[in-house]
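In: fold the following, please.
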Amino acid sequence: MKGAAPRSIQVTISISFTVVALVCMLAMGIALYQRFAVRSEKMLTESTQLTLDQTVINLEDYLRSMRRMSDAIYYNVIKDQDISKETPVYQMNLLYEAHKDYLISLALYSDKGELICASPVGVEKPDVDVTDQTWFQSALQKPENLHFSLPHVQNIFVDDPTFRYYWVISLSRNVELNRGGVPGQGVLLVDMNYAVIEQMMEGVNDNPSEQYVYLCDRNGNIIYHPMLMQISAGLYRENNAYAAAYDDGSHKEVFQGQTRIVTVETMSYTGWKLVSVIPTSNSYLGMKDTRYFAVMVLSITLLAMLILNRLVARRVTRPIVKLNDSIREIEMGNVKPSIYIGGPSEIEHLGRTLRDSYNQINVLMKEMVASQEEKRKSELDALQSQINPHFLYNTLDSIVWMIEGEKYSDAVFMITQLASLFRVSLSSGKTIIPIEDEIRHASNYMNIQKVRFKDAFSIDFDIDDEIKSFCTVKLIVQPILENAVYYGVKDMEDGEIKVKGYKGEDGDIYITVSDNGFGMSEEQLEFLLTDDTRVRKKGSGVGLINVQRRIQLRFGQQYGLKIESEPDEGTVVTIHLPAIPYNPENAKALETGKEQGNEE
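Out: Take a look at the predicted model:
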């Protein structure tokens, strides 16, 4: 039966689609659950909105009754009475007695802060100046409005005989006073009993859930909060400043890491905001059983899906895994990998194609390696042959001039230095030489140049002995010195060139060539190591970009030259090389390009 089974992968994929259908069903179930959760949240929000509407009605009825009483005192008593003859204290006492369950006190002041009359008490505290209080100033500054203060302790009149402290909300308004026919301004104060509002709000907050309702003014200042004491003590925080800016309706917010549903209702005239806060976790409490059931069904379905998916995946991926193991052998550099050919017809075709492609790539790689090696050798030979005959001509001309001038010792010195120079340049056809030989070659070159330019500049070599036995590409220091001479110090009276070689903290080798010449701008620096089309007008013709390429051809892209320069400040060229000891094995490996390949 196993042999008769179809080998097409399409059969296996059809089974996978069955599993996908099951997953889609699970996704649909989750979506329905989420829809149910959203609906539950909406119902809770609507219920909260109804509660807020009723609470707003109750609060507005209370505030409206206070405004009506204030209107009655003003229009029916104060406005028609001459206070220079008689104060309206009797009428105020009658109104107070009729509304004493909702009031703490009534008081009438002149615009200078003088108490005219009050009910039920009329003795002010000796240190009270009402002109400094907000309710008094608001009434005089905006005479057309009624003003409601924030809750505070009644602090104007002499303490009650029962020594009780009353929390009040002050309703103040500007009134016209008649003093013997002379009109004047005054302030009517109605201290409402804060306990009435507190009782209304406590009734709304009488529920065991985490939902609560608080009251604030239009600026976000809290008038009532079920946790007002904790807020005052800094033990609890409320997002009241932002809630006051919300439009009426429900909003979602994240406060202190908790997602909440905030419902806002604005009270007419006062602009107070009644705010309901429902943590989203609270809206799901009624769905606890539904959630547990959904999780249980989902878990069982997921378990069944995992088992089925495991069986299907094992059947589908077994040939693919074997083919992948073959590819992994190729990645690890196995010369003769065992490429899997089997499984469904599609996988078998892939295996055969991979094997044929691998064989073709091997043939092409061998041809490419041989071609690249020849190209590399040709490039190095071409670069090393770029020494300009002009330098040789000038040197020989200087030697002839010395001989004619019977300066035989100087001529012998020049010929000796030139011979040593070419001995290092040839190096038996080698490209990799010790740093010591490269520095000797550079020293010979500079000795010749100093004679030619009649010691117009000084040269100083400071090479640590520990780096002299390490490998370098030949003819990399001399072109840099040549640039320092021709473009740096040739036309100076006190030119200085310094060559320093050392091993850095990272273990690599650094050779710096610095001069105090004319330097160059950032625009010139930008092209020194990138533009190989520039024509050199002076020197040997071996540009810095060629030195950079020769170093990177042997040691890798992370090595090469770094140039720093500023106009009139000189130039510093740093050669960065790896610390590879010079011995026949390393020199041979670098000559054939193996070390370069490893470095890259």
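
In: surely Pro578 touches Ile509?
Out: Yes. Assessed by Cβ atoms under 8 Å, Pro578 is found in contact with Ile509 at 7.2 Å. Placement of C-beta: from N, CA and C, glycine included.

In: neighbour-wise, which of these two wins?
Out: Ile509 (22 against 19; other Cβ atoms under 10 Å).

In: so who does the closest residue to the more buried one other than its chain neighbours touch?
Out: If the residues on either side of it in the chain are set aside, Ile509 comes closest to Leu577, at 4.5 Å by Cβ to Cβ, 6 or more residues apart in numbering. Going by Cβ atoms under 8 Å, 6 or more residues apart in numbering, Leu577 touches Phe470, Cys471, Thr472, Asp508, Ile509, Tyr510, Ile511, Ile551, Phe555, Tyr559.

In: isn't Glu210 up against Ser276?
Out: No. Using Cβ under 8 Å, Glu210 is not in contact with Ser276; the gap is 11.7 Å.

In: pick out whichever of these two has more residues nearby.
Out: Using other Cβ under 10 Å, the more surrounded residue of Glu210 and Ser276 is Ser276, with 24 against 13.

In: next, the contact list for that one, please.
Out: Counting by Cβ under 8 Å, 6+ apart, Ser276 has contacts Thr48, Thr51, Leu52, Gln211, Tyr212, Val213, Val262, Thr263, Val264.

In: and the residue nearest to the spatial centre of the chain, how far from Asn239?
Out: In the chain, the centroid-proximal residue (Cα atoms, centre = their mean) is Gly257; its distance is 20.4 Å. Separation of Gly257 from Asn239 (Cβ to Cβ, to the nearest Å): 12 Å.

In: what residues are shared contacts of the two?
Out: By Cβ under 8 Å, 6+ apart, no residue touches both Gly257 and Asn239.

In: residue ranges in the stretch 401-550 of the chain under the pLDDT threshold?
Out: 424-429, 531-543 (pLDDT under 70).

In: burial check on Gln417, number of neighbours?
Out: 20.

In: that one in helix, strand or coil?
Out: helix (DSSP: H, G, I helix; E, B strand; the rest coil).

In: next one: it from Arg452, what distance?
Out: Taking Cβ to Cβ, one finds Gln417 at 11 Å from Arg452.

In: how about Leu303?
Out: 90 Å.

In: which one's more surrounded, those two?
Out: Arg452 (16 against 10).

In: nearest spatial neighbour of the more buried one, chain-adjacent residues omitted?
Out: Nearest to Arg452 is Ser398, by Cβ to Cβ, 6+ apart, at 5.3 Å.

In: the one you found against Ile415, yeah?
Out: No. Judged on Cβ under 8 Å, Ser398 makes no contact with Ile415 at a distance of 10.5 Å.

In: burial of Gly351, as a residue count?
Out: That count, for Gly351 with other Cβ under 10 Å as the rule, works out to 19.

In: just the element for it, please.
Out: Secondary structure assignment for Gly351, by DSSP states H and E: helix 345-384.

In: rounded mean pLDDT for that helix, please.
Out: The average pLDDT for helix 345-384 rounds to 73.

In: ok, now how distant is Leu323 from Asn583?
Out: 45 Å.

In: so between the two, which is more surrounded?
Out: Neighbour tally, Leu323 and Asn583, criterion other Cβ under 10 Å: the higher count belongs to Leu323, 20 against 12.

In: could you find the closest non-adjacent residue to that one?
Out: Tyr340 (5.0 Å).

In: next one, pLDDT for the one you found please.
Out: As predicted, Tyr340 sits at a pLDDT of 77.

In: over to it: give its phi and psi.
Out: phi -70, psi 130 (degrees, to the nearest 10).

In: hmm, Ser326 and it touching each other?
Out: Yes. If you go by Cβ under 8 Å, Tyr340 and Ser326 touch, sitting 4.9 Å apart.

In: need the overlap of contacts for the two.
Out: Gly351.

In: quick check: which ranges of the stretch 51-200 of the chain have low pLDDT?
Out: In the stretch 51-200 of the chain, residues with pLDDT under 70: 122, 159-164.

In: now do the strands in it.
Out: Counting by DSSP state E, counting those that start in this stretch, one finds strands in the stretch 51-200 of the chain at the ranges 103-110, 115-119, 147-148, 152-153, 167-179, 182-193.

In: list the neighbouring strands of the last one plus their orientation.
Out: Same thing as strand 182-193. strand 103-110 (antiparallel), strand 167-179 (antiparallel) (DSSP bridges).

In: looking at the ones you listed, which is closest to Ile463?
Out: With Cβ to Cβ as the measure, strand 167-179 is the member of the strands paired with strand 182-193 nearest Ile463 (90.2 Å).

In: related to what we said a few turns ago, including distance to Gln141 and mean neighbour count, could the strands paired with strand 182-193 go into CSV?
Out: Putting the strands paired with strand 182-193 into CSV (distance: least, Cβ to Cβ, whole Å; neighbours: other Cβ atoms under 10 Å) gives the following:
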stretch, distance to Gln141, mean neighbour count
strand 103-110, 15, 23
strand 167-179, 9, 20
